Each structure stands twice: as structure tokens, then as C-alpha cells.
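Enquirer: sequence first, predicted model second:
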Amino acid sequence: MAQLYFRYGAMNSGKSIEILKVAHNYEEQDKAVLIFTSGLDNRDEVGFVSSRIGLRREAIPIHDDTDMISIVRQQTNRISCVLVDEVQFLNKEQILQLTRIVDELKIPVMGFGLKNDFQNELFEGSRYMLLYADKIEEMKTICWFCERKATMNLRVDESGKPVFTGEQIQIGGNDAYYPVCRKCHTNPPL
Ligand SMILES: [Zn+2]
């Protein structure tokens, strides 16, 4: 039975490489996948899923008014799985579209993304994925500064100083993000 999966993790927990791996596993068996990514993501060109180890491939960019269920319906070949990168940037309506892809079209959907923003609040997309997903799985990585598990994301500005105020989503900024544990998020060793 098709299900909605939410696989979340801090920065650099391997979400994009996992999407590329899942897609490869389906396609190796001649099963088609549809890959979406946020149109907001500014780490790379819009419309690509890129992993830090260098692999990348095209994906359908999602904007505020993108109707994912109609895009899936328009496909001529049978889609075996829908993969969504940067799912935290989707709005509530789009998360509900993902539930309909699962429930009405009976296609499994796997959403990958951050759970919490740099101020340790939920993103809208993550909030509704947590509320609506059938399966929720954490992708683990290690704190940038110590040996603990990273559960939070630290924003630093161009000069490398931690930032704790500002917009949740910074477009075109030069800020960077580190995966950190709670202790290092509270008192960054910077
Ligand atoms: Zn730490």
C-alpha cells in the first residue's frame, strides 16, 4: 500500500544523495520516478537535486502555486514513486497534495527535508509532514563542532558569526548552515 514518508535530518545528513539513490534503485528496475525540489533552494541552480559528493540531476521546481498532483496526473508513463527534496519549503496545501498522490493515485511519496529552522522552529512543510506522514524517519549526522548527534541547524553570516534572528528563509544570502547538537546551538564554539 502506498504511503507518505517523511525523512528529515539536519544539514548535511545526506538527504539529497538518498533521493538520488532511491531514484536509481527504481530506475534500475525500469520503474519511473518523479523528482520534485523547491523552487526556492538557492544552494545550487533551481531545478536540480544536488548532493555534496557531486552527483546531481534535474527535478521539477516547486513554487508557491505549483500543483503537484496535476503534474503527477499529466505523466504518460506509470510513476512508481514521487520524491520531494527540500520538502520543508512546501506550504500546507502542497503537503495535502502529497497525501492525495498517496491516497487517490496510490503512488508512494517520499519527502526529504529539514525539520527545524535556524531558530529551532518548525518549517511549514515539516510541520505538516510530521502531522500527515505515515512513516517518519530521522536521517542522522554528527554535530559540526563535537561528537554528539546533530539535531539543529546553526546559521552563520559571511564573517562566520552565529545568527539567531532574521527571516526563516534567506534567498540569495551568503549565510551558511552547520548541523549542530543542542548544546552547540545554544552556545556555538565560534
Ligand atoms: Zn555539538
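Expert: Arrived safely, thanks for sending. A quick note: this is a predicted structure, and the numbers were derived from the prediction, not measured.
Enquirer: give the pairing partners of the helix or strand of the chain with the lowest mean pLDDT; include direction for each.
Expert: Least confident helix or strand of the chain, by mean pLDDT, DSSP states H and E, is strand 48-50 with a mean of 89. With DSSP bridges as the test, strand 48-50 is paired with strand 56-58 (antiparallel).
Enquirer: residues contacting the strand it pairs with, please?
Expert: Contact with strand 56-58 is made by L20, A23, I35, D44, G47, F48, V49, S50, as judged by C-beta atoms under 8 Å, 6 or more residues apart in numbering. C-beta: built from backbone N, CA, C; applies to glycine.
Enquirer: which SSE is immediately downstream of it?
Expert: Note on strand 56-58: by DSSP states H and E, the next helix or strand toward the C-terminus is strand 60-62.
Enquirer: list of residues touching that following strand?
Expert: 34-39, 46-47, 66, 68, 71, 84, 89-90, 94.
Enquirer: need the buried ones from the residues you listed selected in ChimeraX.
Expert: Selecting only the buried entries of those in ChimeraX, with 16 or more other C-beta atoms under 10 Å as the criterion:
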select :34,35,36,37,38,39,66,68,71,84,89,90,94
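Enquirer: what packs against the helix ranked longest in the chain?
Expert: The residue-count maximum for a helix in the chain (DSSP state H) belongs to helix 15-28. With contacts taken as 3 or more C-beta pairs under 8 Å, 6 or more residues apart in numbering; DSSP states H and E, helix 15-28 sits against strand 4-9, strand 32-38, strand 48-50, strand 56-58, strand 79-84, strand 109-113.
Enquirer: for this protein, what lies in contact range of the ion?
Expert: Counting by C-beta under 5 Å from the ion, the residues of the chain close to the ion are C143, F145, C146, R148, C181, C184.
Enquirer: farthest pair within those residues?
Expert: Greatest spacing in those, by C-beta to C-beta: F145 and R148 (9.0 Å).
Enquirer: the longest helix of the chain: which residues count as buried?
Expert: K15, S16, I17, E18, I19, L20, V22, A23.
Enquirer: and if you look at stretch 36-56?
Expert: Going by neighbour count (16+ other C-beta under 10 Å), the buried part of stretch 36-56 is F36, T37, S38, G39, L40, D41, F48, V49, S50, S51.
Enquirer: returning to what we had before: next, format the helices and strands packed on helix 15-28 as CSV and append distance to E167.
Expert: Listed next are these as CSV, based on distance: least, C-beta to C-beta, whole Å:
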stretch, distance to E167
strand 4-9, 21
strand 32-38, 15
strand 48-50, 23
strand 56-58, 27
strand 79-84, 23
strand 109-113, 18
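Enquirer: distance to A2 for the contacts of strand 56-58 - can I get that in CSV?
Expert: Putting the contacts of strand 56-58 into CSV (distance: C-beta to C-beta, whole Å) gives the following:
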residue, distance to A2
L20, 21
A23, 17
I35, 17
D44, 30
G47, 26
F48, 26
V49, 21
S50, 27
